[in-house]
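Student: let's see this in three dimensions:
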Amino acid sequence: MILVTGATGNVGRQVVDRLLAAGVEVRALARRPEAAGLPAEVEVVGGDLAEPDSLTAALTGVDAVFLVWPFLTTEGAPGVLDAVTAHTGRVVYLSSSRVRDDADRQADPIGGLHAEMERVITKSTAAWTFLRADTIASNALGWAGQIRASGVVRGPDLPAKPVVHERDVAASAVRVLTEDGHAGVGYVLTGPEVVSRADQVALIGAAIDRPLRFEPIPPAAARAQMLADGRPPALVDALLAGADTPPEPPLITTTVRDLTGTPARTFEDWARDHRSDFA
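Tutor: Next up, the predicted model:
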């Protein structure tokens, strides 16, 4: 029995589906079980990571936990890890490739959050595995409204990344969750090629047979608009991380292929898979 947190999200739902396909019993944590919309084979149990005392029913009898941390700080995380390790010793945490093991201080808020969460996990008694994913392709779903309305995506021109398909993250997670030999390892998951935001928009346009374009706006303007929209400053900082600093050379790994036996999908593959989300 594997407990999946974030089971209704882009990665978590893929993990659920792939575990079911592998014949594994799946339990999903949901704040509102009645609205989860998961397959009937999934046992959906109520609980909230913000309230560790609410997790007992979801954790009882599980062999491993797929952990997605949905908050912008690690406040409360030690209590969650205490609850988890009272029931199971195995945790697979969805982290970020921005974490740098050789850095005393992480370069950006996202790397800092995930590095601190990793420290919380390693201080626990859990047998842990970290999946340090690069930018996940499903982030581009946030452009759907602009694409449908005008065909122009406006935003900060963040550094090009080896964007990774959420299905590849999920396939890697399922392999790690269902096999031995992965404890104490941090795997960096990337796509097979570096793509800019303009590249991504163009590939989505090709997939839906419609001309699209990316229009960069200065980070300061993007920040002001996000704050005016009511987004918390910490979230804005995380979303714009790297916009004002010189990019590091991107790292492309073969980890997806090494773990799953199948090469990582391209962003072009992702865009074709998600045509209906942009049409």
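
Student: just the pLDDT for the closest residue to Ala271 other than its chain neighbours.
Tutor: Nearest non-adjacent residue to Ala271, counting by Cβ to Cβ, 6 or more residues apart in numbering: Ala207, 3.9 Å away. C-beta: built from backbone N, CA, C; applies to glycine. On pLDDT, Ala207 comes in at 98.

Student: give the other helices and strands that the worst-scoring helix or strand of the chain on mean pLDDT contacts.
Tutor: Lowest mean confidence among the helices and strands of the chain (mean pLDDT, DSSP states H and E): helix 233-239, at a mean of 77. If you count contacts as 3 or more Cβ pairs under 8 Å, 6 or more residues apart in numbering; DSSP states H and E, helix 233-239 packs onto helix 109-123, helix 219-228.

Student: just say which of the ones you listed is most tucked in.
Tutor: Ranked by mean neighbour count, the helices and strands packed on helix 233-239 are led by helix 109-123 with a mean of 19 (mean count of other Cβ atoms under 10 Å).

Student: ranges for the helices of this protein?
Tutor: 10-21, 56-59, 77-85, 109-123, 144-149, 166-178, 197-208, 219-228, 233-239, 255-260, 267-273, 275-278 (DSSP state H).

Student: now do the contacts for the residue nearest to Leu72 when sequence neighbours are not counted.
Tutor: Of all residues not flanking Leu72 in the chain, Ala234 sits nearest, at 4.7 Å (Cβ to Cβ, 6+ apart). Residues counted as contacts of Ala234 (Cβ atoms under 8 Å, 6 or more residues apart in numbering) are Leu72, Thr73, Pro109.

Student: check contacts around the residue nearest to Arg98 when sequence neighbours are not counted.
Tutor: Nearest non-adjacent residue to Arg98, counting by Cβ to Cβ, 6+ apart: Gly111, 3.4 Å away. Counting by Cβ under 8 Å, 6+ apart, Gly111 makes contact with Ser96, Arg98, Val99, Arg100, Ala241.

Student: so how far is Phe278 from Gly111?
Tutor: 30 Å (Cβ to Cβ, to the nearest Å).

Student: likewise for Val152?
Tutor: Counting by Cβ to Cβ, the gap from Val152 to Phe278 is 13 Å.

Student: the more surrounded of the two?
Tutor: Phe278 (20 against 13; other Cβ atoms under 10 Å).

Student: quick check: that one touching Ala144?
Tutor: Yes: using Cβ atoms under 8 Å, Phe278 is in contact with Ala144, at 5.4 Å.

Student: that concludes my questions; thank you for your assistance.
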